[in-house]
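Peer 1: Generate a structure from the sequence data that follows.
(chains A and B)
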Amino acid sequence: MLLSLEVATVRFGGRAVLDAVDLSVAEHEIVCVLGPSGSGKSTLLRAVAGLQPLSGGRILLSGRDQSGVPAHKRGVGLMFQDHQLFPQRDVGANVAFGLRMQEASKAEQATEVGELLEMVGLPGAARRAVAGLSGGEQQRVALARALAPRPRLLMLDEPLGQLDRSLRERLVVELRELFGRLGTTVLAVTHDQGEAFALADRVVVMRDGRIAQSGTPLEVWQRPADEFVARFLGFENVVPATVTDGAAVTPWGKLPVPETAPQGTRTLLVRPAGVRLVPAPEGLRCTVTARTFKGTHVAVHLRPEDGPRLEAACALREAPETGSEVGVEFDPTEIVVLG
Amino acid sequence: MAGPVAFFAVFFAYPVAAIVARGLKTDGTWQFGRIADVVARSDIRHVLWFTTWQALASTALTLLVALPAAYVFARLDFPGKQVLRAVVTVPFVLPTVVVGTAFLALVGRGGLLDAWWGVRLDTTVWAILLAHVFFNYAVVVRTVGGLWAQLDPRQEEAARMLGASPLGAWRKVTLPALAPALAAGALMVFLFTFTSFGVVQILGGPTFSTLEVEIYRQTSEIFDLSTAAVLTLVQFVAVGAILAVHAWTVRRRESVLRLVDASVTARRPRGTGQWAVLAGVLVTIAVLLLLPLAVLVGRSLDAPGFGYYRALTRDDGGTFLVAPLTAVTTSLEYAVAATAIAVLIGSLAAAALARRDAGRLARGFDALLMLPLGVSAVTVGFGFLIALDEPPLDLRQSWILVPLAQALVGAPFVVRTMLPVLRAVDGRLREAAAVLGASPWRVWWEVDLPMVRRALLVAAGFAFAVSLGEFGATVFIARPDNPTLPVAVARLLARPGDLNYGQAMALSTILMVVCAVALLVLERLRTDRTGEF
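Peer 2: As a prediction, the model looks like this:
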């Protein structure tokens, strides 16, 4: 393993911001830590970088304990949330900073900087002032700067957080391609699930300084570990349920579940696609309270006669009017019994 | 942190303690009863009363005269504003001796007012008050005007939209927002006038004496050390109280207001009201600030063919052991050394104070650093003489004694100038450099230094001007054969005769020009972030 955290703990005052976290990142792997703000994900990066001392546990890089190793000797790169480019230096000098610290020759620096700027899509920008860069350009310069000293591990703190949506979606694809080509090992943190799923080989969901779930994007998306993860991923249809022999008793009535589902008192998730709308007398009777246009589909918000509110995904043309009465049936393939 | 603490302990706390001990201790026992005895004396009470009321009156008068100027510099835009801002600041860095001399030339015997209308003010308290306004005008313009320029004018507009009259909007919206800066500025003026030495020494004559002048008189003329020690203690307590209140108001100023970029709030004057205020301020600056300086220069040129200036180069063997003009080179040498020490100590202290984890202790040190500004410079000078005269610190014969004392006064200015800039450096920039492989020392060199270089230059300039003009401490410890400019001016003034008087004017003019040049260079470097002076 390139990076291993063993019961790593950071306490501020009495509060554990990082609570006995075990995490490892293999060489060439891209791991994305996903969590709401305050879940301890930035602290995790700072601890690995050596900017935040641990209160307990240890951090190993290539098998070596890093306690007592200062930040500048760890050989890891960190791209800060708001980039933190040096304002009094131009683009080239920012990118060359790490190379200068390694005492590379001027010629080496110039070649490297040229190549890196080319790679991040800013060829010939070396002489430009940092203040004149757009948000996307700053992000690229910050990336080139972090990559320049060839860190064994590159860490990204909300790498695309401050950019607008279309730019974000384009850059996330570019980043994944670039890291794949360079074979960079990456540990990124973000609160944006779309970003995490698009970037990562493996997603780690954090809650209150602990790891709530770890797995491939597909695994996490398909089988959230618990109610917290499900709700954090944006799922609203989560209810308590009692599961027996292929059926679950819920506030919405008795729902079909896969035969293999775990038995007993559980939490149940119904994905919006599994909420099918039918003409009114059939199924669970609901009132349409709102409709949200989602591009490819419409999210229909429903108030059932009984039980908590429901969200359904519905094709554009079939979406019922707000205020109308509809019936709801459930699709067992879109129902997940959580841990 | 350890360096600055040690510096202030050895060169400030120890000499002050030594002089207090010398005054209050007889045969190894403390005589605290003397404090009550001295304070009860009617002449001392008179000094205390005068010190306090003249400081209050000076502060009130300064606020009254300088507030319209703060408004003009903050809210109005007119050609030559930058130059005028620099001009207004010149008096603040002028040596008190020069200020005293300039007012003597204006309102004293044979002065301009005397010659034209037969009016003499040098026997009245008005000369002192006017000189104090002259000296502290810039303090109010800078502290109050600086904040005023950053207040969002739309706040006042919002009040107008809600039905407030222009004056009402100012009184209800702007004035409360300005209150902390007003308080801080007023306290600085009060502090400077409360401890005024050079101005009162020259303009006060035998009638008017502040605590500081009285301490000087008691030590150097009457040799009554115990009275001087008691007065030092009294001043110490008073200054400590003023500084505590000042620190409190500064903290409040930092916390609450939403500020905008100062460059966008000023507009061309509109309407007769604004033009009238602008004209009034310009006339005040001309009469109050420029006239005394012009008279000073004029007086120095009274003798034909630059006679007074040429006399400065002669060694008359009387007042000095050397030609007065050598005081210029002496002063410059001392000032360079003092600046180096002040910048070193001050920036170390500022760097320590700027750390985010700086605790309560460090904040206490922050306030303590201001003490040398207000504690009797005379005490420091005299303390140097009696405390640093035996091994291991026998510096009485060393030239370094004078720069050390001046650096003590200059270092607080360095800290005040550097601290806001250092605090504004984003800590994560340093972290970014560390992660890229920069060692802590390298981080300071690569990240902090480029950002504070400008502030460092401004701080050095202030320290330079301060040490050039320092009088209270230097007058004690400068050697007779090596007087500094202010000391030479004071000695010339103390002697009778037109030639001496003219030479004092000439030497003051030289000192003023040196200080003004230093300041104008600073003004080009100044950014709005650099501190409160």
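
Peer 1: Go through the chain and flag its longest helix.
Peer 2: By default, I'm working from chain A. Among the segments of chain A that qualify as a helix by DSSP state H, the longest is helix A:165-182.

Peer 1: please go with chain B instead
Peer 2: Max-length helix for chain B by DSSP H is helix B:42-75.

Peer 1: picking that back up, so for the longest helix of chain A, what's the average pLDDT?
Peer 2: For helix A:165-182, mean pLDDT rounds to 86.

Peer 1: rewinding a little: can you name the next helix or strand after the longest helix of chain B?
Peer 2: Next along the chain after helix B:42-75, taking DSSP states H and E as the criterion, comes helix B:81-93.

Peer 1: That next one to helix B:42-75, inter-axis angle?
Peer 2: Calculated by axes from the mean of the first three to the mean of the last three CA atoms, to 10 degrees, helix B:81-93 forms an angle of 170 degrees with helix B:42-75.

Peer 1: Give me the packing partners of helix B:81-93, helices and strands only.
Peer 2: Other elements packing on helix B:81-93 under the criterion 3 or more CB pairs under 8 Å, 6 or more residues apart in numbering or on different chains; DSSP states H and E are helix B:42-75, helix B:125-150, helix B:449-469, helix B:498-525. Yep, even glycine has a C-beta here, placed from its N, CA and C like the rest.

Peer 1: The closest residue to chain B within the stretch 101-250 of chain A: how many residues sit nearby?
Peer 2: The minimum distance from the stretch 101-250 of chain A to chain B, using CB to the nearest CB, falls at A:Met101 (3.6 Å). As a burial measure, A:Met101 scores 20 neighbours (other CB atoms under 10 Å in any protein chain shown).

Peer 1: Find the nearest non-adjacent residue to it, please.
Peer 2: Computed as CB to CB, 6 or more residues apart in numbering or on different chains, the closest residue to A:Met101 that is not its neighbour in sequence is B:Gly437, at 3.6 Å.

Peer 1: host element of the one you found?
Peer 2: In the assignment (DSSP H and E), B:Gly437 maps to no helix and no strand.

Peer 1: And B:Gln406, by the same measure?
Peer 2: Assigned by DSSP H and E, B:Gln406 falls within helix B:401-424.

Peer 1: And the average pLDDT for that helix is what?
Peer 2: Computed over helix B:401-424, the mean pLDDT rounds to 79.

Peer 1: near chain A, anything from it?
Peer 2: No. On the criterion CB under 8 Å from any CB of the partner chain, helix B:401-424 is out of touch with chain A, staying 11.5 Å away.

Peer 1: Who are the packing partners of that helix?
Peer 2: helix B:2-8, helix B:326-354, helix B:360-374, helix B:377-387, helix B:449-469, helix B:474-477.

Peer 1: Pull out the buried residues from the helix or strand following that helix.
Peer 2: Using DSSP H and E, the next helix or strand after helix B:401-424 towards the C-terminus is helix B:427-435. By neighbour count with 16 or more other CB atoms under 10 Å in any protein chain shown, helix B:427-435 contains the buried residues B:Arg428, B:Leu429, B:Arg430, B:Glu431, B:Ala432, B:Ala433, B:Ala434, B:Val435.

Peer 1: which two from those residues end up farthest apart in space?
Peer 2: B:Leu429 and B:Val435 (11.0 Å; CB to CB).

Peer 1: still on that earlier bit, A:Arg303 is nearest to which of the helices and strands packed on helix B:81-93?
Peer 2: With CB to CB, the closest approach to A:Arg303 among the helices and strands packed on helix B:81-93 belongs to helix B:125-150: 51.7 Å.

Peer 1: Give the rounded mean pLDDT of the very next helix or strand once past that closest one.
Peer 2: Next in sequence after helix B:125-150, counting helices and strands by DSSP H and E, comes helix B:153-161. Per-residue pLDDT over helix B:153-161 has a mean of 77.

Peer 1: Give me the contact list for the helix or strand following helix B:153-161.
Peer 2: Next helix or strand after helix B:153-161 toward the C-terminus (DSSP H and E): helix B:166-169. With contacts defined as CB atoms under 8 Å, 6 or more residues apart in numbering or on different chains, helix B:166-169 is touched by B:Glu156, B:Ala159, B:Arg160.

Peer 1: The second one: neighbouring residues, count only.
Peer 2: Using other CB under 10 Å, B:Ala159 has 19 other residues around it.

Peer 1: And the last one, by the same measure?
Peer 2: B:Arg160 has 15 neighbouring residues, counting by other CB under 10 Å.

Peer 1: cool, and the first one?
Peer 2: B:Glu156 sits with 19 neighbouring residues when counted by other CB under 10 Å.

Peer 1: So the closest residue to it other than its chain neighbours versus chain A, what's the distance?
Peer 2: Nearest residue to B:Glu156 in three dimensions, chain neighbours excluded: B:Ala169, at 4.7 Å (CB to CB, 6+ apart). Counting by CB to the nearest CB, to the nearest Å, the gap from B:Ala169 to chain A is 36 Å.

Peer 1: What pLDDT is listed against B:Ala169?
Peer 2: 80.

Peer 1: related to what we said a few turns ago, need the buried residues of helix B:427-435 in CSV (columns: distance to B:Ala164).
Peer 2: Putting the buried residues of helix B:427-435 into CSV (distance: CB to CB, whole Å) gives the following:
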residue, distance to B:Ala164
B:Arg428, 43
B:Leu429, 43
B:Arg430, 46
B:Glu431, 47
B:Ala432, 47
B:Ala433, 50
B:Ala434, 52
B:Val435, 52
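
Peer 1: okay if I get these as TSV plus pLDDT?
Peer 2: Listed next are the buried residues of helix B:427-435 as TSV, based on pLDDT from 0 to 100:
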residue	pLDDT
B:Arg428	84
B:Leu429	87
B:Arg430	87
B:Glu431	89
B:Ala432	91
B:Ala433	92
B:Ala434	91
B:Val435	90
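
Peer 1: low-scoring stretches of the stretch 301-450 of chain B, by residue?
Peer 2: Residue ranges of the stretch 301-450 of chain B with pLDDT under 70: B:305, B:313-324, B:355-370, B:373-376, B:390-397.

Peer 1: hmm, 90 instead?
Peer 2: For the stretch 301-450 of chain B, applying pLDDT under 90 flags the ranges B:301-336, B:339, B:342-431, B:439-450.

Peer 1: Could you check the pLDDT of the closest residue to chain A within the stretch 51-200 of chain B?
Peer 2: For the stretch 51-200 of chain B and chain A, the shortest gap (CB to the nearest CB) falls at B:Gln150, measuring 21.0 Å. The per-residue pLDDT reported for B:Gln150 equals 75.

Peer 1: Please verify my assumption that it contacts B:Ala266.
Peer 2: No. Contact status for B:Gln150 versus B:Ala266: not in contact, 11.0 Å apart, counting by CB atoms under 8 Å.

Peer 1: Which one's more surrounded, the two?
Peer 2: Per other CB under 10 Å, whichever of B:Gln150 and B:Ala266 has more neighbours is B:Gln150, with 20 against 17.

Peer 1: Enumerate the residues of the stretch 1-150 of chain A near chain B.
Peer 2: Residues of the stretch 1-150 of chain A lying close to chain B by CB under 8 Å from any CB are A:49-51, A:70-78, A:80, A:82, A:84, A:86, A:88, A:97-98, A:101-102, A:145-146, A:149.

Peer 1: Recalculate using a threshold of 6 Å.
Peer 2: Taking CB under 6 Å from any CB of the partner chain as the criterion, the stretch 1-150 of chain A approaches chain B at residues A:Ala49, A:Leu51, A:Ala71, A:His72, A:Leu78, A:Phe80, A:Gln84, A:Gln88, A:Phe97, A:Gly98, A:Met101, A:Pro149.

Peer 1: With distance to A:Asp331 as added columns, please give those in JSON lines.
Peer 2: Shown next, in JSON lines, are the residues of the stretch 1-150 of chain A next to chain B (distance: CB to CB, whole Å):
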{"residue": "A:Ala49", "distance to A:Asp331": "46"}
{"residue": "A:Leu51", "distance to A:Asp331": "48"}
{"residue": "A:Ala71", "distance to A:Asp331": "52"}
{"residue": "A:His72", "distance to A:Asp331": "55"}
{"residue": "A:Leu78", "distance to A:Asp331": "45"}
{"residue": "A:Phe80", "distance to A:Asp331": "44"}
{"residue": "A:Gln84", "distance to A:Asp331": "48"}
{"residue": "A:Gln88", "distance to A:Asp331": "60"}
{"residue": "A:Phe97", "distance to A:Asp331": "55"}
{"residue": "A:Gly98", "distance to A:Asp331": "53"}
{"residue": "A:Met101", "distance to A:Asp331": "58"}
{"residue": "A:Pro149", "distance to A:Asp331": "52"}
